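Enquirer: I'd like to go over a predicted model; first the sequence, then the structure.
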Amino acid sequence: MTDQFAKIFEEIKRDPENAKYTSQGICPLYYAGPEARINIIAQAPGRRAQEQRMFWNDRSGKRLREWLGLSWDEFYHSGKIAIMPMDFYFPGNGPHGDLPPRPDFAEKWHPRLLKLMPHLQLTILIGTYAIHSYLNIPQSKPITNIVRNYQDYLPQYFPIVHPSPRNQIWISKNQWFVTELLPELKQRVRTIMENNDD
């Protein structure tokens with residue numbers, strides 16, 4: 001099965017739609033493995049992540065690991081955490097931050113990788129692009145309403161806001177996120193991490 005993951009990785013690099021990255025020696029940034037139990041889907045790697053070849057290695061990542069109750073080693077080295085953004089490459093800078101992920105990228109590559117991860121038990125959807133795409137919800141529906149009703153999407157999906165410090169005001173205004181949602185998220189993650197059954 002490892003060969004299958006490697007094959008897809010090479011196909012992504014050779015895809016003409018990714019030629020501008022491959023020609024610069026930039027590889028797709030994601031992690032998918034046969035023992036993954038939890039899948040984390042967010043927007044796309046930032047410039048820093050792409051340059052470092054390491055996702056979630058910033059303040060947002062530290063906060064995300066705290067929300068999930070995961071240590072550094074569990075997050076990066078356990079093999080139980082898959083990380084598949086909606087685009088595996090930094091999409092560039094826009095007038096108000098990073099550009100959005102390419103709209104067809106996840107649709108093209110995610111299903112093939114997901115087929116190789118039969119032990120997945122929970123998919124954590126972070127932010128607007130992942131949430132609206134995976135839950136097939138119109139962009140017009142506010143993300144606050146979706147996250148507030150997170151139980152509607154369990155046990156397969158768990159939608160949350162991005163752990164960026166920019167969302168601190170939102171979190172302050174929505175204390176249920178801290179008092180109700182995060183304890184539930186942390187408990188589910190810990191149960192899955194400690195369960196060795198297939």
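Expert: Received the coordinates, thanks.

Enquirer: For residue 24, give its distance to residue 16.
Expert: Per Cβ to Cβ, to the nearest Å, residue 24 is found 15 Å from residue 16. To be clear about C-beta, it is placed using only N, CA and C from the backbone, and glycine gets the same treatment.

Enquirer: in a strand, that's where residue 55 is, yeah?
Expert: No - Residue 55: not assigned to a strand; according to DSSP: H, G, I helix; E, B strand; the rest coil it is coil.

Enquirer: which ones are touching it?
Expert: For residue 55, the contacting residues are 29-31, 45, 49, 61, 83, 85, by Cβ atoms under 8 Å, 6 or more residues apart in numbering.

Enquirer: which residue sits closest to it, ignoring its sequence neighbours?
Expert: Distance criterion Cβ to Cβ, 6 or more residues apart in numbering; nearest residue to residue 55, sequence neighbours excluded, is residue 49 at 5.0 Å.

Enquirer: and the one you found, helix, strand or coil?
Expert: Applying three-state DSSP: residue 49 is helix.

Enquirer: farthest-separated two in the contacts of residue 55?
Expert: 30 and 61 (14.7 Å; Cβ to Cβ).

Enquirer: Looking at the two now, which is surrounded by more residues?
Expert: Between residue 30 and residue 61, counted using other Cβ atoms under 10 Å, the more crowded position is residue 30 (20 against 17).

Enquirer: Any figure for the gap between the residue of the chain most remote from its centre and residue 167?
Expert: The C-alpha centroid of the chain is most remote from residue 23, which lies 25.7 Å away (Cα atoms, centre = their mean). For residue 23, the distance to residue 167 (Cβ to Cβ) stands at 35 Å.

Enquirer: next one: residue 149
Expert: 18 Å.

Enquirer: ok, these two, which is more surrounded?
Expert: residue 167 (17 against 10).

Enquirer: I'd say that one and residue 160 touch.
Expert: No - with contact defined as Cβ atoms under 8 Å, residue 167 does not reach residue 160; the gap is 10.0 Å.

Enquirer: quick revisit: for the residue farthest from the centre of the chain, give me the pLDDT.
Expert: According to the prediction, residue 23 has pLDDT 96.

Enquirer: Dihedrals phi and psi, it?
Expert: Main-chain torsions, residue 23, degrees, to the nearest 10: phi -70, psi -20.

Enquirer: Okay, now the unreliable bits of the protein?
Expert: Low-confidence segments of the chain (pLDDT under 70): 1, 96, 197-198.

Enquirer: tell me the centre residue of it?
Expert: The chain, centroid-nearest residue using Cα atoms, centre = their mean: residue 41 at 2.1 Å.

Enquirer: partner residues bridging it?
Expert: Per DSSP bridges, residues listed as beta-bridge partners of residue 41: residue 125.

Enquirer: The residue nearest to residue 190 when sequence neighbours are not counted and residue 124, how far apart?
Expert: Closest residue in space to residue 190, ignoring its immediate chain neighbours: residue 69 at 5.6 Å, by Cβ to Cβ, 6+ apart. Noted for residue 69: a distance of 12 Å to residue 124, by Cβ to Cβ.
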